[in-house]
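**Student:** Sequence and predicted structure below; questions after.
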Amino acid sequence: MRSVIRRKVTVSLMALATMSTLSTACATSAGANAGGREARPAYASVTGSAEFTLPYVKDDDVRSFTFDAHAAPYSKPLPGIPTGLPTDARGTVKVSHYSAGRDITYTSEGRVDCLVTGPHTATLTAVITKVSAGGPPWVGKRLGFSVHDGGADQGRSRDRVGFSWEMVNLLPGGTAETPEAQVGTCMAPAPYAPVTKGGYTVHHADLLPPPRG
C-alpha cells in the first residue's frame, strides 16, 4: 500500500515539474516576442572617409569624400507626400579635391537628404551648403554619391565610390555644350572609383513601411 502511495506522489511531482517547465518556457517566449516587437528597427547608415582615384584620369590630384549619413525614415514631408519617404536621411557629406596643378585644395560640404542601402552598398544624395573660395558653383545643388563597402584585402581597402558629376549624368543630344542633368534624391551611378586610403562602412537596413495613422 505504501509503495502504491509513493508511486502516486512521485507521478504527481513529475507532472507538476513538467507543467512548471512549460509555463516558464511559454513566459520566456512571450517575453522575447514582446521585446522583439518593442525593439527599435535598425536604420541604415554610411560613415567613413577615404581618398580615391579615377580610373580614367592620370594625375597627382588628391580626391576624398567623407560621409556621416543616417537614415531618418518619414521625417521630411513633401507636397503631396505628407508622411515623407522611407529613404529620408540626415547627416553630412564633405568633398575635398586637391589640385596638384594649382596647388590648392577645394572643399565642399552638404546636407544629406536621402539614403538607400543594400548589402555592402549604398546611394545617397546631399544638397551642398558651403563651397570654399574658387570652388565649383555647387551651393544649393544636389549631388549624388554611391559607396561599395568591400572590406579589406591584405591590408588594402576594396571599397569604391561613385558620384554624379564629370563623366556621368549628362544630357546628350543638343547642338551646344552637353549639360548635366539635375540629380534627384538618392540618384547616383555605380561606385566605379577605387579607394586608395581610408574606407567606408555601410550598415544596411531594409526600407520601412509607412507609419500607421
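**Tutor:** Looks like it came in fine.
**Student:** Distance-wise, check the residue nearest in space to the middle of the chain relative to D149.
**Tutor:** By Cα atoms, centre = their mean, the chain has its centre lying nearest to S45, at 3.4 Å. Counting by Cβ to Cβ, to the nearest Å, the gap from S45 to D149 is 11 Å. For the C-beta atoms, the positions are set from N, CA and C on the backbone; glycine is no exception.
**Student:** Now the common contact residues for those two.
**Tutor:** Residues touching both S45 and D149 by Cβ atoms under 8 Å, 6 or more residues apart in numbering: T201, V202.
**Student:** quick one on the thing from earlier: the residue nearest to the centre of the chain and H70 touch, don't they?
**Tutor:** Yes - counting by Cβ atoms under 8 Å, S45 touches H70, with 4.7 Å between them.
**Student:** Bridging across strands, which residues link to F67?
**Tutor:** Applying DSSP bridges to F67 gives these bridge partners: G48, V93.
**Student:** Show me the helices in this protein, by range?
**Tutor:** In the chain, the helices defined using DSSP state H lie at 2-38.
**Student:** quick one: low-confidence parts of it?
**Tutor:** 1-41, 154, 213 (pLDDT under 70).
**Student:** What are the structural domain limits within it?
**Tutor:** 1-39, 45-203 (automatic domain parsing).
**Student:** can you list the ones you listed in TSV and add distance to P210?
**Tutor:** Below are the domains of the chain laid out as TSV (distance: least, Cβ to Cβ, whole Å):
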stretch	distance to P210
domain 1-39	18
domain 45-203	5
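**Student:** Highest mean neighbour count out of those?
**Tutor:** domain 45-203 (a mean of 16; mean count of other Cβ atoms under 10 Å).
**Student:** and that one, how far out from the chain's middle?
**Tutor:** Counting by Cα atoms, centre = their mean, to the nearest Å, domain 45-203 is centred 12 Å from the centre of its parent chain.
**Student:** same deal with stretch 200-207?
**Tutor:** Centroid displacement of stretch 200-207 relative to its chain, using Cα atoms, centre = their mean, is 4 Å.
**Student:** Not counting it itself, show me its contacts.
**Tutor:** Residues contacting stretch 200-207 (Cβ under 8 Å, 6+ apart): 41-50, 67, 71, 73, 86-87, 116-122, 147, 149, 159, 161.
**Student:** So what pairs up with the residue lying closest to V62 once chain neighbours are set aside in the strands?
**Tutor:** Leaving aside its sequence neighbours, V62 sits nearest to Y98 (Cβ to Cβ, 6 or more residues apart in numbering; 4.0 Å). Beta bridges link Y98 to V62, T105, judged by DSSP bridges.
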